[in-house]
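Trainee: The following comprises the amino acid sequence and a computationally predicted model.
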Amino acid sequence: MLTAAGVVTLIIMIIGILGNLLTLGALIRHPKLRTVAAAFIASLCISDLMFCILALPFSASQFFHGDWVHGETLCKMVPLLRYASVGVSLLSIGSISVNRYILIAWPHLYQSVYTKFKVVMYISVIWLFSYGLQIPTLLGKWGTFGKDSKLGTCSINPDENGHSSKTALFVIGFALPCIVIVVCYVKIYMVVRKSHQKMQQHTSMGNKYKRSEMKITKMVLVIFICFIVCYLPITLVKIFDNDVNHAPLHVLGYLLIYSSSCVNPLVYVTMNKQYRVAYRDTLKCKYNSNLDSQQTQPEPSKSHMAISFLKNTAQAPIKV
């Protein structure tokens, strides 16, 4: 089982590195993709890329050896990087959801909420908070980073007072982003539905409306299901099997979290037509394409934003 887990981890690492590098390359080579949402996507990709390069090789080695063999210092730094990277990823995903909601529901506030300076500040807060949250544990004040003798992994162990941040990090890290994602996309769906109902009073868009509404529903389901599948299992295992009576469930939970680093480019980027074009041109080493000639016009109202959202992004979780 451990050998199979190690092989899967290496596959996830390779796919994650290639996928996130391709996404960053597309953002660099195609200026039209550099929107506010793309800034959060870039933050997400950088975090996942760091996770794949700096953490997953040690995780794979740990599976192959059945134990940690890289010394005490790395046994503290690798779990710190792992927990912080997961935090950045989750907060970035939540921030993308908030960005989409404000764009659709409050377009008149969008420009003032998402200035260049504020976007940089938002992303900086995400990184500082995610890594800063690990400092107490690094100092031994809220659990300690070290080897977990039950699993043979490097993780967060209770400190001398019996305190540990592990359960709190999993609960907060899963529950809060989950609530934000669900609330934001339910609100988006409601705005889009209401706008279409108004449009139906003046136009005959019955069948097209139903198809668009179904696409929005599927979009929300894809986002939520991927989030649940990647993060819920390890959250439940850490809460209800703290004594590691079922080690295979812990291994499966870790693999699902690892897989989120390569699933994100697929779910949040590649389902978007513009990014597919950008990916193709990046792989062909093209700097100029039809994508770069597209013009993006700001929409003045909720109804126009909702209709634009349906036409351009019903096919993907994120419109960029």
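Mentor: It's in. Every value quoted in this text rests on a predicted model; they were computed, and no experiment measured them.
Trainee: now I179: how far from R280?
Mentor: Remark: distance between I179 and R280 (C-beta to C-beta, to the nearest Å) = 36 Å. C-betas here are computed from N, CA, C, even on glycine.
Trainee: tell me how far the ends of stretch 99-118 are from each other?
Mentor: With C-alpha to C-alpha, to the nearest Å as the measure, the first residue of stretch 99-118 is 12 Å from its last.
Trainee: Tell me where the stretch 51-200 of the chain is predicted with low confidence.
Mentor: 196-200 (pLDDT under 70).
Trainee: Please enumerate the helices of it.
Mentor: Secondary structure of the stretch 51-200 of the chain (DSSP state H, counting those that start in this stretch): helices at 56-65, 71-105, 107-113, 116-132, 135-138, 166-200.
Trainee: between these, which gets nearest to A247?
Mentor: Comparing the helices of the stretch 51-200 of the chain against A247 with C-beta to C-beta, the closest turns out to be helix 56-65 (11.8 Å).
Trainee: So for F58, what's the nearest residue that isn't a sequence neighbour?
Mentor: Leaving aside its chain neighbours, F58 sits nearest to V78 (5.0 Å; criterion: C-beta to C-beta, 6 or more residues apart in numbering).
Trainee: what's near enough to touch V171?
Mentor: Residues counted as contacts of V171 (C-beta atoms under 8 Å, 6 or more residues apart in numbering) are T235, I239.
Trainee: With distance to L24 as extra columns, can I get the helices of the stretch 51-200 of the chain in JSON lines?
Mentor: Listed next are the helices of the stretch 51-200 of the chain as JSON lines, based on distance: least, C-beta to C-beta, whole Å:
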{"stretch": "helix 56-65", "distance to L24": "18"}
{"stretch": "helix 71-105", "distance to L24": "14"}
{"stretch": "helix 107-113", "distance to L24": "25"}
{"stretch": "helix 116-132", "distance to L24": "14"}
{"stretch": "helix 135-138", "distance to L24": "28"}
{"stretch": "helix 166-200", "distance to L24": "22"}
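Trainee: and the residue nearest to G143 when sequence neighbours are not counted, how far is that from W142?
Mentor: Distances taken as C-beta to C-beta, 6+ apart put S164 closest to G143, at 3.7 Å, once the chain neighbours are dropped. According to C-beta to C-beta, S164 stands 7 Å off from W142.
Trainee: Among the two, which residue is more densely surrounded?
Mentor: Taking other C-beta atoms under 10 Å, S164 and W142 do not tie; W142 has more neighbours (21 against 18).
Trainee: tally of neighbours for I104?
Mentor: Neighbours around I104, by other C-beta under 10 Å: 26.
Trainee: So K166 sits against K238, correct?
Mentor: Yes: with contact defined as C-beta atoms under 8 Å, K166 reaches K238; the gap is 6.2 Å.
Trainee: Hmm, L176 is touching G87, no?
Mentor: No: using C-beta under 8 Å, L176 makes no contact with G87, being 10.7 Å away.
Trainee: which of these two has more neighbours?
Mentor: The neighbour comparison of L176 against G87 (other C-beta under 10 Å) goes to G87, with 23 against 13.
Trainee: which ones are touching the more buried one?
Mentor: Residues in contact with G87 (C-beta under 8 Å, 6+ apart) are F129, S130, Y131, L133, L169, G173.
Trainee: With neighbour count and distance to P107 added, can I get those in TSV?
Mentor: Formatted as TSV, the contacts of G87 follow (neighbours: other C-beta atoms under 10 Å; distance: C-beta to C-beta, whole Å):
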residue	neighbour count	distance to P107
F129	13	28
S130	21	30
Y131	17	33
L133	18	33
L169	21	35
G173	20	31
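Trainee: what number of residues lie near K238?
Mentor: Neighbours of K238 (other C-beta under 10 Å): 20.
Trainee: Could you find the closest non-adjacent residue to it?
Mentor: Leaving aside its chain neighbours, K238 sits nearest to F170 (4.9 Å; criterion: C-beta to C-beta, 6+ apart).
Trainee: swap in L109?
Mentor: Nearest non-adjacent residue to L109 (C-beta to C-beta, 6+ apart): I102, at 6.4 Å.
Trainee: cool, H246 as well?
Mentor: Per C-beta to C-beta, 6+ apart, closest to H246 is V237, 7.6 Å.
Trainee: what sits against the one you found?
Mentor: V237 touches H246, L249, H250, G253, counting by C-beta under 8 Å, 6+ apart.
Trainee: tell me which of those residues is nearest to I96?
Mentor: When these are ranked by distance to I96 (C-beta to C-beta), G253 comes first, at 24.1 Å.
Trainee: Let me see the mean pLDDT of the helix or strand hosting that closest one.
Mentor: Following DSSP states H and E, one finds G253 within helix 247-265. Helix 247-265 shows a mean pLDDT of 85.
Trainee: ok and it relative to helix 166-200, angle-wise?
Mentor: On the basis of axes from the mean of the first three to the mean of the last three C-alpha atoms, to 10 degrees, helix 247-265 is oriented at 40 degrees to helix 166-200.
Trainee: Report the buried residues of helix 247-265.
Mentor: 249-265 (16 or more other C-beta atoms under 10 Å).
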